[in-house]
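Novice: here's a sequence, model it:
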Amino acid sequence: MEVNRMLRNVKGQMRVVEAMITCLIVISGLTASIYLSSMYAVTEGVELEKTGMNILSLLNKPEVFMEIVDRRDNWESNLKLLIDNLIPADTFYNLTIRSALDGQVIPRSSKPPRKPLRCT
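Specialist: This is a model prediction of the structure:
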């Protein structure tokens with residue numbers, strides 16, 4: 001009788017050990033998935049500067065400039081779509097175009113973050 005009781009205790013202890021190992025595997029898997037699925041990719045400043053210069057040279061083209069100056073239909077949404085396609089997906093920007101005559105803001109185009117960014 002005592003042997004049966006000892007075997008049951010060993011089986012119960014093994015179940016506890018199995019449950020602990022399972023928990024460790026699940027926690028390590030979740031930790032790895034969180035670490036590997038980083039939402040923001042770090043881009044070097046040189047790459048962002050090069051992308052910014054490409055966008056500025058594109059805005060300097062006569063047909064794009066005339067569309068902005070003449071304020072044709074949907075020019076703001078076309079400009080925003082153009083910039084969104086040229087920059088990396090997780091890059092936030094703010095573009096303000098001012099009149100050279102009176103300094104008045106013509107358009108303002110931006111891509112704000114979905115959530116406020118917090119510095120820790």
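Novice: just after the longest helix along the chain, pick out the following helix or strand.
Specialist: When every helix of the chain is counted residue by residue (DSSP state H), the longest turns out to be helix 2-36. Moving toward the C-terminus from helix 2-36, the next helix or strand (DSSP states H and E) is helix 45-59.
Novice: for the helix or strand following that following helix, name the packing helices and strands.
Specialist: Counting by DSSP H and E, the next helix or strand C-terminal to helix 45-59 is helix 62-70. Judged by 3 or more Cβ pairs under 8 Å, 6 or more residues apart in numbering; DSSP states H and E, the packing partners of helix 62-70 are helix 45-59, helix 75-86. No exception for glycine: its C-beta is placed from N, CA and C like everyone else's.
Novice: same question for the helix or strand following the shortest one, mean pLDDT?
Specialist: The first helix or strand that comes after helix 75-86 along the chain, using DSSP H and E, is strand 93-98. Taken as a whole, strand 93-98 has an average pLDDT of 78.
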